[in-house]
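Trainee: here's my sequence, what's the structure:
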Amino acid sequence: MNMLTLDFLAFALAFAAFSAIALGTERHSKQVFGRHPTPAARHTLTAAGWILLLASLPPALAARGPSIGSLAWLGYLSVASVGIGLMLSYRPRPLRFAAPALLGLAVLAWGVAGR
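Mentor: Below you'll find the predicted structure:
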């Protein structure tokens, strides 16, 4: 598997994870969707965010090995969290499209590279 594809997959999963965790809060969900989430939606988004966050680790480890991969994973987490923070500060509405689009693109790239 291509190392760049695995790196992109790890970043996209981290971005989607932080997006889901942020949208699980009332404040950020109101910013992005214009309404407060239901308690069930908040719990689902938060749980999905943590699962995606854990799922972002294996591609980073597979791409670069355990020592450099774990460090790269922390870098992807940092860049994704800063990106989410900037989007929520300046352009919150496009976040509802950016995270699923980036995740879909990463899964598509992973599927193409796996052939």
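Trainee: share the number of residues neighbouring Gly85, please.
Mentor: Applying other CB atoms under 10 Å, we find 12 residues neighbouring Gly85. To be clear about C-beta, it is placed using only N, CA and C from the backbone, and glycine gets the same treatment.
Trainee: gap between it and Ile21?
Mentor: Counting by CB to CB, to the nearest Å, the gap from Gly85 to Ile21 is 12 Å.
Trainee: and Ala101, what element?
Mentor: Under the criterion of DSSP states H and E, Ala101 resides in helix 95-113.
Trainee: contact partners for Leu61?
Mentor: When contacts are counted by CB atoms under 8 Å, 6 or more residues apart in numbering, Leu61 touches Gly69, Ser70, Trp73.
Trainee: scratch that, Leu71
Mentor: For Leu71, no contacting residues are found, by CB under 8 Å, 6+ apart.
Trainee: work out for me the element it sits within.
Mentor: Using DSSP H and E, Leu71 sits within helix 57-90.
Trainee: pick the one among the contacts of Leu61 closest to Gly49.
Mentor: The closest of those to Gly49 turns out to be Trp73 (CB to CB; 15.8 Å).
Trainee: the closest one: how many residues sit nearby?
Mentor: So Trp73, with other CB under 10 Å, has 24 neighbours.
Trainee: next: Pro100.
Mentor: When counting by other CB under 10 Å, one arrives at 12 neighbours for Pro100.
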